[in-house]
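> here you go, sequence then predicted model.
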Amino acid sequence: MTPPAVRLDADRDAGVAVVTLDRPERLNAIDLGMVDELGRVWQELRFDDGVRAVVLTGGGGRAFCSGIDRDVVVPQPGSPYMQDDPLLRVGPKACGLWKPVVAAVEGMACGGAFYLLGECEFLVAGAGASFFDPHTSYGMVSAYESLLMAQLMPYGEVARMALMGVRERIGAERAHAVGLVSQVTEDGGALEAALGCARTIAGFPAEAVQGTVRALWAAREGALARGFALAPHLIALGNLAPQEQDGLFRGRRTGGYRTR
């Protein structure tokens with residue numbers, strides 16, 4: 001039996017739940033099972049009035065999430081109007097959860113991880129955390145990821161991250177300087193710091209907190225809706241064929257990377 005890919009722990013006395021991506025042997029890469037499990041967890045939390053704030057983190061310490069698992073095969077219709085992206089279903093907002101979600105990031109967060117981080121209220125990161133977007137290096141358009149990150153970071157920073165691919169990573173301090181991360185802790189301290197924030201938020205009246213979350217998201221969703229409508233066409237036009245992507249991925253030679 002396959003072990004669960006997502007772990008849910010709740011402290012109802014504090015009103016806080018911790019959702020842990022739990023595939024550390026795969027750097028918490030997202031497979032289709034994890035997509036389904038995350039959907040069920042967000043739905044469960046919608047109806048759990050004992051939970052008023054959520055922390056999202058990755059297990060194992062080496063990575064928050066390394067994006068979609070390269071072994072996942074998603075059959076695609078032969079039309080740019082009907083792109084099927086399973087990661088569009090992984091985030092709390094996509095599942096209608098309007099309780100605040102704080103991300104605790106240790107290690108790397110890249111690519112498909114941004115579908116999750118882009119739907120969190122704010123991020124706390126350990127000093128060794130790093131963020132990067134490998135899409136262009138492997139012949140793929142960074143569409144949904146860049147759209148979500150453009151709501152959290154200045155345009156030039158998002159553009160540099162997306163275009164530099166695997167050759168450059170944004171370190172925790174730089175992420176804090178540009179506003180992607182709200183707090184940097186010592187390595188291993190992100191979860192406890194995020195829990196402290198979540199406990200504070202959970203102590204306030206839930207209706208006021210959730211209304212504020214919904215209002216904040218409203219400021220972003222208009223731009224996202226327009227971008228998401230265009231994204232399938234850009235992906236269909238710009239992506240290399242899957243076998244060409246796979247060749248670039250398996251034969252990758254990055255020449256090392258630099259961290260800003």
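Perfect, I can see it now.

> for the protein, just list every one of the helices.
Using DSSP state H, the helices of the chain run over 32-46, 113-117, 144-149, 155-164, 172-177, 190-202, 206-238, 242-250.

> ranking those helices by burial, who's on top?
Highest mean neighbour count among the helices of the chain (mean count of other Cβ atoms under 10 Å): helix 113-117, with a mean of 26. (C-beta placed from N, C-alpha, C; glycine too.)

> tabulate the CA atom coordinates of that helix in CSV.
The C-alpha trace of helix 113-117 is given here as CSV (Å, rounded to 0.1, in the frame of the first residue of the first chain):
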residue,chain,number,x,y,z
ALA,A,113,5.8,24.4,-6.0
PHE,A,114,4.7,27.9,-7.0
TYR,A,115,1.1,26.7,-7.6
LEU,A,116,1.1,26.2,-3.8
LEU,A,117,3.2,29.1,-2.7
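
> list the contacts for A206?
49, 52, 99 (Cβ atoms under 8 Å, 6 or more residues apart in numbering).

> make TSV from those and add distance to I235 to it.
As requested, the contacts of A206 are exported to TSV (distance: Cβ to Cβ, whole Å):
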residue	distance to I235
D49	39
R52	37
K99	31
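
> what is the nearest of those residues to A150?
Nearest to A150, judged by Cβ to Cβ, of the contacts of A206 is K99 at 24.2 Å.

> got phi/psi on that closest one?
Dihedral angles of K99 (phi, psi; degrees, to the nearest 10) stand at phi -80, psi 150.

> how many neighbours does the closest residue to P134 other than its chain neighbours have?
Spatial nearest neighbour of P134, chain neighbours left out: V166 (4.7 Å); criterion: Cβ to Cβ, 6 or more residues apart in numbering. The number of residues packed near V166 is 21, by other Cβ atoms under 10 Å.

> same check, this time on P154
By other Cβ under 10 Å, 12 other residues sit near P154.

> do you know the pLDDT at the residue nearest to it when sequence neighbours are not counted?
Leaving aside its sequence neighbours, P154 sits nearest to V178 (Cβ to Cβ, 6+ apart; 6.0 Å). Looking at V178, its pLDDT stands at 98.

> my guess is V178 contacts Y155. True?
No. V178 is beyond contact range of Y155, at 10.7 Å (criterion: Cβ atoms under 8 Å).

> hang on, the earlier thing: a markdown table please, covering the helices of the chain and showing distance to A127.
Formatted as a markdown table, the helices of the chain follow (distance: least, Cβ to Cβ, whole Å):
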| stretch | distance to A127 |
| --- | --- |
| helix 32-46 | 27 |
| helix 113-117 | 18 |
| helix 144-149 | 21 |
| helix 155-164 | 19 |
| helix 172-177 | 5 |
| helix 190-202 | 9 |
| helix 206-238 | 27 |
| helix 242-250 | 29 |
